[in-house]
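> Prediction below, plus the sequence it came from.
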Amino acid sequence: MTLDNDKQNRLRVEAVGRILKDLLKTIKVVTLYPSDNPLPNSLRRSFAERLVDLIEDYGCLSFKIGPEEIRWDGELVYQDAGKEECLAGLFFEAGINRLGFDEAFDFDVVHRFLDLVRDFQSSRNGADLVALLWERQLPGLTYATVEDVSLADYRGDYLATPAASRAGSADDSGKIPGYQKLFLDDDVVELDDSESDGEFTDEPGETPASGTGMSPIGHEVDSGEVPMSSKDRSSTDSRQRGVSDQLDVVSNSLFGDVLGVDAPDSSSLAAAEAAFGFGVESSSPSRPAPDTTLILNSEHKLSAEQEETVQSLVRQDADFDPWESTVELCKEMLYQEDTLPLFSETVDICEKVHHDLIGLGQVREAGRLLTFLVEMESRVGPERPRWTERLRMAQQQVIAGDAVERLAAALNDHEEIGGDVVRRYLSAFGPQALLKISELGRHLTHQDHRVALSDHLAGLGQNNLALIARGVTDRDPQVVIQTISVLSSIGTDESLGLLKRCVDHADDSVREALVRSLVDTPHEDAINLLRQLVYDDVADIRLLAINSIVLRRGPLAFEAMGDLVRDEQFIKLDYAEQQAMLVAYSVLGSDEAVGLLRTFVVRVNLFGDRQAAQLRSAAFEALAQNQGQRAESLLLKLTRAWRPSIKRQAHDAVDRRRQIRYGDENDE
């Protein structure tokens, strides 16, 4: 039976300790967030419900508060853990050493109490917690201050406790040694002839003189003056003159040393007093008022150490980041919870904070919070599977529903958010969120954010290619474009095989995106895809494909361009495209390209075929841009040709080649 009682008592102590931890946590959140934020409102409600339930179960909760600890029913239920965990210090430093909650402390009063503490915390330098408690008169809340305890034994007019406890009290002045000396007036104290030294009689049992009257503290006195002998009066006058002389010395010192003016003489003061009594102004000359600015100037000046402290506080205030502080507070709250229900509730709060941070465009801090949840899952480990599952659910929840659309809206509204911030945020999501994250591409508008998304998907997609491949057949062109970017970054045989499906895509923007992405694809087969796109139906895409082959450079690019130039369809291309391909072939091949270009130049055109003439012109431009020695020799030789058209175009090509190599002489 005793063991059961001990266990129940221990459970009661733990429950009361948890409610105090929740109180501190709620005070922090309520103080940090504005009143219209959903996070403090949710935390308020849950705390109020738990506190009211606890009061119903255990009755009145009365706490004894020390400098760093709180006790309940003689048991230690809370210990301050530092500057940031000082619930006991919060109340003790305000002068409160006892605090109690009874049945009248209901749900609404809890909210009023939290508002009161928030007001005190927000104006800590100017507010008085005891004054706020007295002013708002919260039902069900009792408290005691240090002054109440220190004065609790006194009665009568000297008692600082409620007035009801003083009703009908008798005179207790005799309990305090020297009480009569401190509080009884000279004109109501009876002196014995034997007291030649003029000291007051302070014996509590002394009988007052006949003649009835009551002193302010209950002593009987004569209704008139207390009779005094001539000897007593002479002694009293002598003492008064001595005191007056001492006051004159002090007065002169005060006026001369402190105020910097001469002390007024006694006659001037007497004349002024008499004039005031008759209702007229004093005729004595007025003295200038002392300059209080000079007197108090040194008091208002801060020391060097104080100024440094103030500057440090100002710098700290300027560097304060409320979003970073919010994330740190959430992390601290998670570390404090030691039971699954409270831990789960705190994770709910973290989910709401993440939701608010994304809505405000604070993606960096949202990423820090999400990363912490992932790291905490690994720290908890298999010993607490339900805790681990709750953290995993939280990670899924932050990307569920319309989370992708909200994230995209935040990024679109804040173009200044860098790609590195987006990468760090997305890195917190594992492969299970890959399909959901890939939908982000259809909503993003800024290129920097799209590139960051592609980098993230490419990193996870190598081992999850089947999930990435779904985007190739998506109806939304933006999703297909995003998928092309990811697959081209992966650069494996499988990813190139998936990209081939996009060569004949009906949307022009998809094929254009495919050409652009193949420029940097590490796989060699990207050249073959570009060769197919050279004959696309859209001229801009054809030119883009040609330039992409040139940008890839190398023997494979030269070989591919040679095959395209010799192809039957080459003759069907527009002049601009033919010239671009021949120039690309010449630049890539240098001396090796001269032989094929010469055939286009010297080919006989007896009937003046327009297409043949265009090919010759394009070939001359290709030779002009070829920096090889063979190209220069061929052009010089052609300047002496017997056919005028070839000779003229050869001279133009030589000039063009020198202009490309050495620049225009007129540039200077």
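Perfect, I can see it now. What you see is a predicted model, and the numbers here were worked out from it, not measured in a lab.

> roughly how far apart are residue 131 and residue 35?
Here the distance between residue 131 and residue 35 works out to 22 Å (C-beta to C-beta, to the nearest Å). For glycine as for every other residue, the C-beta is placed from the backbone atoms N, C-alpha and C.

> what does residue 420 give?
35 Å.

> residues contacting residue 72?
Listed by C-beta atoms under 8 Å, 6 or more residues apart in numbering, the contact partners of residue 72 are 13, 16, 61, 62, 63, 64.

> go again using 7 Å as the cut-off
When the contact criterion is C-beta atoms under 7 Å, 6 or more residues apart in numbering, the partners of residue 72 are 16, 61, 63.

> which one of those residues has the most neighbours?
For those, neighbours were counted using other C-beta atoms under 10 Å, and residue 63 has the most, 21 neighbours in all.

> Over to that one: give its phi and psi.
Recorded main-chain torsions at residue 63 are phi -110, psi 140, according to degrees, to the nearest 10.

> Now do the residue nearest to residue 538 when sequence neighbours are not counted: how many residues are near it, please.
Leaving out its chain neighbours, the residue that sits closest to residue 538 by C-beta to C-beta, 6 or more residues apart in numbering is residue 508, at 5.6 Å. Counted by other C-beta under 10 Å, the residues lying close to residue 508 total 14.

> Could you do residue 599 as well?
Taking other C-beta under 10 Å as the neighbour definition, residue 599 ends up with a count of 10.

> centre of the chain versus the helix or strand containing it, how much separation?
Taking DSSP states H and E as the criterion, the element that holds residue 599 is helix 594-602. How far helix 594-602 lies from its chain's middle: 69 Å, per C-alpha atoms, centre = their mean, to the nearest Å.

> Next SSE downstream of that helix?
Counting by DSSP H and E, the element after helix 594-602 in chain order, helix or strand, is helix 610-624.

> and after that following helix, which helix or strand comes next?
Helices and strands here follow DSSP H and E; after helix 610-624, the next one along the chain is helix 629-638.

> list the buried ones in that next one?
Within helix 629-638, the residues scored as buried using 16 or more other C-beta atoms under 10 Å are 630, 631, 632, 634, 635, 638.

> got the contact list for the third one?
Right, residue 632. If you count contacts by C-beta under 7 Å, 6+ apart, residue 632 has them with residue 657.

> now, which of the buried residues of helix 629-638 sits nearest residue 108?
Each of the buried residues of helix 629-638 was checked against residue 108 using C-beta to C-beta; the closest is residue 631, at 92.3 Å.

> Let me see the contact set for the residue lying closest to the closest one once chain neighbours are set aside.
By the measure of C-beta to C-beta, 6+ apart, the closest residue to residue 631 outside its immediate chain neighbours is residue 623, 4.9 Å from it. When contacts are counted by C-beta under 7 Å, 6+ apart, residue 623 touches 586, 597, 631, 634, 635, 653.

> Could you list the low-pLDDT ranges of the chain?
1-3, 36-38, 124-127, 147-302, 317, 319-320, 606, 664-668 (pLDDT under 70).

> Run through the strands of it in chain order.
Taking DSSP state E, the strands of the chain run over residues 61-65, 69-72, 75-79, 96-101, 141-145.

> could those strands go into JSON lines alongside distance to residue 135?
Listed next are the strands of the chain as JSON lines, based on distance: least, C-beta to C-beta, whole Å:
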{"stretch": "strand 61-65", "distance to residue 135": "20"}
{"stretch": "strand 69-72", "distance to residue 135": "24"}
{"stretch": "strand 75-79", "distance to residue 135": "26"}
{"stretch": "strand 96-101", "distance to residue 135": "15"}
{"stretch": "strand 141-145", "distance to residue 135": "13"}
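
> nearest to residue 564, of the ones you listed?
For the strands of the chain, the distance to residue 564 is smallest for strand 75-79, at 80.7 Å, taking C-beta to C-beta.

> what packs against the closest one?
helix 2-32, strand 69-72 (3 or more C-beta pairs under 7 Å, 6 or more residues apart in numbering; DSSP states H and E).

> which residues touch that strand?
When contacts are defined by C-beta under 7 Å, 6+ apart, strand 75-79 is touched by residues 13, 16, 17, 20, 68, 69, 70, 71, 87, 88.

> Quick check: phi and psi at residue 398.
Note on residue 398: its backbone torsions stand at phi -70, psi -10 [degrees, to the nearest 10].

> Grab the most central residue of this protein for me.
Residue closest to the mean C-alpha point of the chain, counted by C-alpha atoms, centre = their mean, is residue 323 at 1.6 Å.

> Please report how far residue 441 lies from residue 370.
Using C-beta to C-beta, one gets 20 Å for the distance from residue 441 to residue 370.

> whoops, I mixed them up, residue 663
According to C-beta to C-beta, residue 663 and residue 370 sit 56 Å apart.

> do residue 498 as well
From residue 498 to residue 370 the distance is 30 Å (C-beta to C-beta).

> which one of the two has more residues nearby?
Between residue 498 and residue 370, counting by other C-beta under 10 Å, residue 370 is the more crowded of the two (26 against 22).

> Do I have it right that the more buried one meets residue 351?
No - in this structure, residue 370 is not within contact of residue 351 by C-beta atoms under 7 Å, at 10.0 Å.

> tell me, what's touching the two both at once?
residue 398.

> Now do stretch 311-329: distance to the chain's middle.
Stretch 311-329 sits 8 Å away from the centroid of its parent chain (C-alpha atoms, centre = their mean).

> which parts of that stretch are buried?
Along stretch 311-329, these residues count as buried under the neighbour rule (16+ other C-beta under 10 Å): 323, 326, 327, 328, 329.

> Out of these, flag the one nearest to residue 512.
For these, the residue nearest residue 512 by C-beta to C-beta is residue 323; the value is 39.6 Å.

> what about the residue nearest to that closest one when sequence neighbours are not counted, distance to residue 331?
Among residues not flanking residue 323 along the chain, residue 365 sits closest, at 4.3 Å (C-beta to C-beta, 6+ apart). In this structure, residue 365 lies at 11 Å from residue 331, with C-beta to C-beta as the measure.

> All set now, cheers.
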